[in-house]
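Colleague: No sequence on hand, only this structure:
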DNA sequence: ACAACTTAGTTGAGGGTTCAACTATTCCCC
DNA sequence: GGGGAATAGTTGAACCCTCAACTAAGTTGT
């Protein structure tokens, strides 16, 4: 008795398909407009919104929920592309501070309106204001459920 | 004037984070319980639910919204793993029919309850019945907006 | 002050996905 | 019935991500 209702089953399938299509659409658009995967673009945007357009590797990884390894590969690649630069911190020499270059700032400013327009026309055009609020609530519940790794799976005390 | 409201912005960020965490969680779980990425598991499930546990490449690709190339690579890999088998159709020799092996059936039956339990405890445990219905509606609106590729992007007649 | 531990980040191998080019078969139709 | 065009699927290279092992620098306890 796994106890998943039909309504849950249906919602689940829609959700999984929606996330699949969303990921594809985002990647394709970031690739087309910015020449990078969406995961990289999110990193640029986060840097853009950070004080001084810069942050440490660990800080970025924590906010994006990327592994440090993934972030290292990403930063290495984007550094080659000229969008950002690394610099070792003076007081703690393990720490790398990553910051946007001018080219990085430029690309964010160029791509983000395109991204916004696409999001608006392909997603929000079909949702009522009420659904937008529902989506925010549901999204944050899902984030809460998935964030911070696998806890107890078998014991499962939450809902018996 | 990109015209994205604050509420939309907020909902968007929750949605993007939720899909990111969801993808990661699904992949990690499929990898742990079934030794394959979630995209592969979805393919097995679709085959499992198909008449005779079989379908053509194009049929699978269409229902999963995978490219044929992706599907070819996936099927090649899963054939090596022994979960499915290809066979060329007799009447149209371009067509490949893919079908589950006994091992494939077994792995679906073994993994799916684990998957369901995880989904229930990590996602649906935090959503009310009403939110489940809202999620289904929102998910299907998003699928509708993203399915069937980029149409007009600049003209954007839907909402002016 | 030295060893053990923790924190910050890197590396490389392995596997998955995309994209563009390609083969093979069937359809259309004149 | 033969020459395009469409359909079905494959291939290989490039790129991204994961995982496990690793280096380097700081922290702690004694």
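Modeller: It's in. The shown structure was predicted, so the numbers you read here are calculated from the model rather than taken from an experiment.
Colleague: Give the buried residues for stretch A:40-52.
Modeller: Neighbour counts over stretch A:40-52 (16 or more other CB atoms under 10 Å in any protein chain shown) mark A:40-44, A:46-47, A:50 as buried. (Glycine included, C-beta is placed from N, CA and C.)
Colleague: does any part of that stretch sit near DNA strand C?
Modeller: No. Stretch A:40-52 is not in contact with DNA strand C by CB under 7 Å from any atom of the strand; minimum separation 12.5 Å.
Colleague: how far off helix B:6-34 does the lengthiest helix in chain A point, in degrees?
Modeller: Among all segments of chain A classified by DSSP state H, the helix with the greatest residue count is helix A:6-34. When axes from the mean of the first three to the mean of the last three CA atoms, to 10 degrees is applied, the directions of helix A:6-34 and helix B:6-34 differ by 110 degrees.
Colleague: Do helix A:6-34 and DNA strand D come into contact?
Modeller: No. For helix A:6-34, no contact with DNA strand D is found by CB under 7 Å from any atom of the strand; the gap never falls below 8.3 Å.
Colleague: Give me the mean pLDDT for the helix or strand just after that helix.
Modeller: Next along the chain after helix A:6-34, taking DSSP states H and E as the criterion, comes helix A:38-48. On average, the pLDDT along helix A:38-48 is 98.
Colleague: Return the set of buried residues in the helix or strand hosting residue A:74.
Modeller: Per DSSP H and E, residue A:74 falls inside helix A:68-81. Across helix A:68-81, burial judged by 16+ other CB under 10 Å covers A:71, A:74-75, A:78.
Colleague: Name the residues of the following helix or strand past that helix that are buried.
Modeller: Going down the chain from helix A:68-81, the next helix or strand is strand A:84-88, by DSSP H and E. Neighbour-count burial for strand A:84-88 flags residue A:84 (criterion: 16+ other CB under 10 Å).
Colleague: just the buried residues of stretch A:40-52 that are near DNA strand D?
Modeller: residue A:40.
Colleague: Next, work out how far apart residue A:44 and chain B are.
Modeller: Separation of residue A:44 from chain B (CB to the nearest CB, to the nearest Å): 14 Å.
Colleague: Now the residue lying closest to that residue once chain neighbours are set aside: which helix or strand?
Modeller: Spatial nearest neighbour of residue A:44, excluding adjacent residues (CB to CB, 6 or more residues apart in numbering or on different chains): residue A:108 at 5.1 Å. Residue A:108 belongs to helix A:102-122 when assigned by DSSP H and E.
Colleague: relative to helix B:6-34, how tilted is that helix?
Modeller: Using the same axes, to 10 degrees, helix A:102-122 lies at 90 degrees relative to helix B:6-34.
Colleague: picking that back up, pLDDT averaged over the helix holding residue A:74, what's the number?
Modeller: When pLDDT is averaged over helix A:68-81, the result is 98.
Colleague: How about residues contacting it?
Modeller: With contacts defined as CB atoms under 8 Å, 6 or more residues apart in numbering or on different chains, helix A:68-81 is touched by A:35-36, A:39-40, A:43-44, A:57-58, A:60-61, A:64, A:66, A:84-86, A:98, A:104.
Colleague: Having no further points to raise, I will conclude here.
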